[in-house]
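Trainee: here is the input, now give the coordinates:
(chains A and B)
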Number of protein chains: 2
Amino acid sequence: MLANAGFPLANFASGEVIFAEGCEGDFMYVVRSGEVEIERNGKVIETLSAGGIFGEMALIDGSARSATARAKTDAECAPINEKSFLFLVHETPFFAIAVMRTLAERLRRSASRD
Amino acid sequence: MLANAGFPLANFASGEVIFAEGCEGDFMYVVRSGEVEIERNGKVIETLSAGGIFGEMALIDGSARSATARAKTDAECAPINEKSFLFLVHETPFFAIAVMRTLAERLRRSASRD
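Mentor: Purely as a prediction, here's the structure:
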C-alpha cells in the first residue's frame, strides 16, 4: 500500500541529495523503487528500499531535518505533504501504524547504540 | 483527551516499577496524575507527567520493553491494551499523531546523544 499511495513520483539520480540535515522539511517520502540512504554526521545510519518511509519526523513535529537523505541508486519516491500525511493518518490506520513501526524501529536501533 | 481516555486507572506508589526493561509488554500507559520516570541501564532518560505516554513501543512492534518505567511519585496511569490501542489509532487520529510526536521527540533526543 505505502509504495503505491498514488502520489506523483519524484525521481532522484544515484548520489543525489533528497534533503539535507538541518533544513526545513515539508514532505515525507515513500520509496517506490531503488535505494535511499539516511546519513547523520556523514555516516550512513539506515538504507531503505521499496516500501520504506523517511522524512516523516519533519511532518510530525515541524522540526528541521535530523538527517540527510541521499539516493544510493537511481530511486523513485512518492512525496507526501502535510495535508496528505494528515489525510492518510485519518483515513488509513495502516499508514499510521506503519509510520509508528518505522519510528519505533529507529528508536530501538538508536537505543542499542547508547 | 489522552489523559481522559476513559480506561480504568492503575495506581502506582512512589518508587514502584510499572514495567521492567527486557520484559514482555501488553500495555501502553497514559499518565493521568503524578510523575513517571523512564530508565535505561539504571539512568533516567525521561520524566513524564499528566498526558505523557509510555510503553507504546511494545504495542507497536511487539518487542520486549526497551526501558524500565517507575513511578517517581504516587501516580495514576491509564493502561491501554493492544485492542484499545488499535481502536484509538483507527478512531482517533489525534491519538495516532500524539503517539508519533512522542516517538519523534524521543528519537530526536536520542540522536542528540549520538
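Trainee: who's in contact with the spatially most central residue of chain A?
Mentor: Nearest to the geometric centre of chain A sits A:F54, at 1.0 Å (C-alpha atoms, centre = their mean). Contacts for A:F54 (C-beta atoms under 8 Å, 6 or more residues apart in numbering or on different chains) come out as A:M28, A:Y29, A:V31, A:V36, A:I38, A:E46, A:L48, A:A69. Heads up, the C-betas are built off the backbone N, CA and C, glycines and all.
Trainee: in TSV: those, plus secondary structure.
Mentor: Shown next, in TSV, are the contacts of A:F54 (DSSP: H, G, I helix; E, B strand; the rest coil):
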residue	secondary structure
A:M28	strand
A:Y29	strand
A:V31	strand
A:V36	strand
A:I38	strand
A:E46	strand
A:L48	strand
A:A69	strand
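Trainee: residues touching the nearest residue to A:M100 once chain neighbours are set aside, list them.
Mentor: Leaving aside its chain neighbours, A:M100 sits nearest to B:I60 (4.7 Å; criterion: C-beta to C-beta, 6 or more residues apart in numbering or on different chains). Residues in contact with B:I60, defined by C-beta under 8 Å, 6+ apart, are A:I97, A:M100, A:R101, A:A104, B:V99.
Trainee: doesn't the second one belong to a helix?
Mentor: Translated: A:M100. Yes: counting by three-state DSSP, A:M100 is part of a helix.
Trainee: which residues touch it?
Mentor: So A:M100 contacts B:E56, B:I60, B:A96, B:V99, B:M100, B:L103 (C-beta under 8 Å, 6+ apart).
Trainee: give me the pLDDT value at A:M57.
Mentor: At A:M57, the predicted lDDT confidence score is 90.
Trainee: name the element it belongs to?
Mentor: In this assignment (DSSP states H and E), A:M57 forms part of helix A:56-61.
Trainee: dihedrals phi and psi, A:S63?
Mentor: Main-chain dihedrals, A:S63, degrees, to the nearest 10: phi -80, psi 170.
Trainee: ok, it touching A:G55?
Mentor: No: A:S63 is beyond contact range of A:G55, at 11.7 Å (criterion: C-beta atoms under 8 Å).
Trainee: and stretch A:50-66, how far out from the chain middle?
Mentor: In terms of C-alpha atoms, centre = their mean, to the nearest Å, the centre of stretch A:50-66 is found 5 Å from the chain centre.
Trainee: wait, I meant stretch A:21-38
Mentor: Centroid separation for stretch A:21-38 versus its chain: 4 Å, with C-alpha atoms, centre = their mean.
Trainee: measure that stretch end to end?
Mentor: 10 Å (C-alpha to C-alpha, to the nearest Å).
Trainee: neighbour-wise, which of A:S63 and A:G55 wins?
Mentor: Neighbour count, other C-beta atoms under 10 Å in any protein chain shown: between A:S63 and A:G55, A:G55 has more, with 23 against 13.
Trainee: contacts only, for the more buried one.
Mentor: Counting by C-beta under 8 Å, 6+ apart, A:G55 touches A:I18, A:F19, A:G25, A:F27, A:M28, A:Y29, A:R65, A:A69.
Trainee: and the two most separated of those residues?
Mentor: Farthest-apart pair in the contacts of A:G55 is A:Y29 and A:R65; separation 11.6 Å (C-beta to C-beta).
Trainee: ok, these two, which is more surrounded?
Mentor: Taking other C-beta under 10 Å, A:Y29 and A:R65 do not tie; A:Y29 has more neighbours (26 against 18).
Trainee: identify the bridge partners of the residue nearest to that one when sequence neighbours are not counted.
Mentor: Of all residues not flanking A:Y29 in the chain, A:C77 sits nearest, at 4.2 Å (C-beta to C-beta, 6+ apart). Beta-bridge partners recorded for A:C77 (DSSP bridges): A:A10, A:V31.
Trainee: much appreciated, bye for now.
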